[in-house]
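*Asks:* Next come a sequence and a model predicted from it.
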Amino acid sequence: MNYKHLHYFWTVLRAGGIVRASEQLHLTPQTLSGQIKLLEERVGQPLLRKVGRGVEPTDAGRLVMRYADEIFALGSSLQEALASGRDARRTTVLRVGIADSVPKAVAFHVLEPAMALPEPPRLACHEGGLTGLLAELAVHRLDLIVSDVPAPVSLSVRVYTHLLGRSGVAFFAAPRLLKEAGLTAQRARKTFPACLVALPMLLPSAPTALRPRIDAWLGEHGLAPVVAAEFDDSALLKAFGREGRGVFAAPAVLADEIAQQYQVQWLGTPDDLMEEFYAISVERRITHPAVAAITATARGKLFAARAG
């Protein structure tokens, strides 16, 4: 195999297209396309296909890209070793995108199994909006996305959504907030969810997946609490909750952890309010060892039982 041709193919996917890659490589698009054709002839099958005005990898192209990532990462390590005079080899990098609506603690527990492997990868985590992360996944700048919503069916690139699990949604309040409302934790739990009407509420902002579910659940139960504040950042929402500024909701699988970390009281976990979490990848059948460990542990342990 001509590794220069492989490098051209790898650069096209990382750059997001032939035109951008040709600028980086100082080649004409025609020359670059011809070099990749030679690589396809060598491997005996197409590696790229046209999608609109761009390209995306075929199934064979995805396989080649994964190996190319490791090959050129090893080449970079070799350069470091020669420059420094010491072995600079690194483990495989697992590049994970985390949708900014996913609670950080959930993301940690989902990714933790990869770090427990006999040869753990080096994690490179990036947080952002799902649309931007999907664009990065499509050009193989990411290996996996952790999200609280599935990939849109209208997406122009081929990605696959894998359900990690479902969690109940638990409600919490600081002791200070309950005291100001004339409630004890025991009394609030006994009257849940009616007690929510007497307490201000902190809610995730409208674009998040959880917000419409909470709104629908409140409406179904005839509850109209005063909304004290809305947040894009779940960590900031919990910080306000810790200071007694309102009741807040969080995944029930983390109930004990949240109660201890933020010094708040668990009020209740309704049976008819759930939250879902997904892994999104370019693989229909997951073969990456670290991603397989992540999905198996999430399904078998983290989300195996509903907390609360």
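*Replies:* Happy to help now that I have it.

*Asks:* Please enumerate the strands of the protein.
*Replies:* With strands called from DSSP state E, the chain shows them at 48-51, 54-57, 93-99, 122-128, 144-147, 160-173, 201-204, 227-231, 248-251, 265-268, 274-281.

*Asks:* buried ones in the first one?
*Replies:* It refers to strand 48-51. residue 48 (16 or more other C-beta atoms under 10 Å). For the C-beta atoms, the positions are set from N, CA and C on the backbone; glycine is no exception.

*Asks:* Which strands border that strand, and is each parallel or antiparallel?
*Replies:* Counting by DSSP bridges, the strands paired with strand 48-51 are strand 54-57 (antiparallel).

*Asks:* what separates the strand it pairs with from the chain centre, distance-wise?
*Replies:* Strand 54-57 sits 23 Å away from the centroid of its parent chain (C-alpha atoms, centre = their mean, to the nearest Å).

*Asks:* swap in stretch 230-248?
*Replies:* Using C-alpha atoms, centre = their mean, the offset of stretch 230-248 from its chain centre is 21 Å.

*Asks:* Counting neighbours, which bits of it end up buried?
*Replies:* Across stretch 230-248, burial judged by 16+ other C-beta under 10 Å covers 231, 234, 237-238, 240-242, 244-248.

*Asks:* before we move on, what about stretch 288-307?
*Replies:* Judged by neighbour count (16+ other C-beta under 10 Å), stretch 288-307 contains these buried residues: 288-295, 297-298, 302-303, 307.

*Asks:* Confidence-wise, which of those comes last?
*Replies:* Minimum pLDDT across these is recorded for residue 307, with 39.

*Asks:* Which members of the buried residues of stretch 230-248 define the maximum pairwise distance?
*Replies:* Farthest pair in those (C-beta to C-beta) is 234 and 244. Separation: 17.8 Å.

*Asks:* Tabulate the strands of the chain (JSON lines), appending distance to residue 221.
*Replies:* As requested, those are exported to JSON lines (distance: least, C-beta to C-beta, whole Å):
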{"stretch": "strand 48-51", "distance to residue 221": "46"}
{"stretch": "strand 54-57", "distance to residue 221": "46"}
{"stretch": "strand 93-99", "distance to residue 221": "28"}
{"stretch": "strand 122-128", "distance to residue 221": "33"}
{"stretch": "strand 144-147", "distance to residue 221": "28"}
{"stretch": "strand 160-173", "distance to residue 221": "12"}
{"stretch": "strand 201-204", "distance to residue 221": "13"}
{"stretch": "strand 227-231", "distance to residue 221": "16"}
{"stretch": "strand 248-251", "distance to residue 221": "14"}
{"stretch": "strand 265-268", "distance to residue 221": "12"}
{"stretch": "strand 274-281", "distance to residue 221": "15"}
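
*Asks:* Single out the most deeply packed of those.
*Replies:* Highest mean neighbour count of these: strand 248-251, a mean of 28 (counted as mean count of other C-beta atoms under 10 Å).

*Asks:* hang on, the earlier thing: tell me the one among the buried residues of stretch 230-248 nearest to residue 176.
*Replies:* The closest of those, once distances to residue 176 are taken by C-beta to C-beta, is residue 244, at 3.7 Å.

*Asks:* Cross the buried residues of stretch 288-307 against helices and list the overlap.
*Replies:* Judged by DSSP state H, the subset of the buried residues of stretch 288-307 located in helices is 289-295, 297.

*Asks:* For residue 60, state which of the buried residues of stretch 288-307 is nearest.
*Replies:* For the buried residues of stretch 288-307, the nearest to residue 60 is residue 288 (16.5 Å; C-beta to C-beta).

*Asks:* separation between the closest one and residue 279?
*Replies:* From residue 288 over to residue 279 the distance is 11 Å, taken as C-beta to C-beta, to the nearest Å.

*Asks:* Which residues are in contact with each of those two?
*Replies:* residue 144 (C-beta atoms under 8 Å, 6 or more residues apart in numbering).

*Asks:* The helix or strand of the chain with the lowest mean pLDDT to strand 93-99, inter-axis angle?
*Replies:* In the chain, the helix or strand scored least confidently by mean pLDDT, DSSP states H and E is helix 59-84, which has a mean of 83. Using axes from the mean of the first three to the mean of the last three C-alpha atoms, to 10 degrees, the direction of helix 59-84 lies 120 degrees away from that of strand 93-99.

*Asks:* dump the residue contacts of residue 283.
*Replies:* Residue 283 neighbours (C-beta under 8 Å, 6+ apart): 62, 160, 291.
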